[in-house]
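S.K.: structure for the following, please:
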Amino acid sequence: MKEPQWICITGTDGAGKSSLIDILLQDTILFNGKKVKEVTIWDLFYLPKEEQHLSISSKQAVDWYLKSLSPQSRTFFLLHCMAQALEIARREAVEIALINAYWYKYLATEVAYDGNLAHRLSLTTSFPKPDLVFSLNVSVKTAGQRKKHYSAFESGFPEQVNTKQFMNFQHKVQAAYQQIMTTVEHIALDGELPLLELKKQILAQLKF
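M.R.: Numbers count the residues shown, from 1 in each chain. Next up is the predicted model:
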């Protein structure tokens, strides 16, 4: 089975990953007719019910489930979901996979809970190294302004999810994320820039 070309667009919550990937996917000329797909950690839940064999049917249900898990179990669950998303892309014979966040963002969130970075990095050794990694950097303030909805997971599982709780926790997430990215070869992008400018910077690096 031939591996897709893995192109990762990552960053913490509210960095603009999904919006930037949407802009890239709208460019029908860019990928020269190749089969391209966005890959997200939740792709397993988008499969037809008869293929996924799961009782979790919404992102809100995932949020509740994550809260019920211990930190170690939650990390394993998230990595399992990410690994399955990559496998789905392989089965679908995707030629260019635009990976949204990859494990970098989700492990940064987990590290923000307990600070255990080394152990979690050891769990990622079997994951493929992307051909290109673009890291979007934004301030916590910008992230808070962009998000229309805050999940409990990305807010530190407070009793009440709100902007203040989200921003307080995201300071820890961003610190952990920067630690993780020191171990990853990547191209840093200013996520505060307009999407079309970010697209231009990415196009300068892509070779299909």
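
S.K.: got any ranges where the protein has weak pLDDT?
M.R.: Across the chain, the ranges flagged by pLDDT under 70 are 47-57, 208.

S.K.: can you give me the strands in it?
M.R.: For the chain, the strands defined by DSSP state E occupy 5-11, 36-39, 96-100, 132-137, 187-190.

S.K.: next up, the contacts around the spatially most central residue of the chain.
M.R.: Nearest residue to the geometric centre of the chain (CA atoms, centre = their mean): residue 101, 2.0 Å. Going by CB atoms under 8 Å, 6 or more residues apart in numbering, residue 101 touches 8-11, 17, 40-41. Using the backbone N, CA and C atoms, a C-beta is placed for each residue, glycine as well.

S.K.: for the protein, what spans make up the helices?
M.R.: Ranges of helices within the chain are 17-25, 49-52, 59-68, 71-91, 102-114, 117-122, 140-146, 163-181, 195-203, based on DSSP state H.

S.K.: quick one: list the elements packing against the longest one.
M.R.: This points to helix 71-91. Using 3 or more CB pairs under 8 Å, 6 or more residues apart in numbering; DSSP states H and E as the contact test, the elements touching helix 71-91 are strand 36-39, helix 59-68, strand 96-100, helix 102-114.

S.K.: only the buried residues of stretch 169-189, if you could.
M.R.: The neighbour-count check on stretch 169-189 (16 or more other CB atoms under 10 Å) flags 169-170, 172-174, 176-177, 180-181, 186, 189 as buried.
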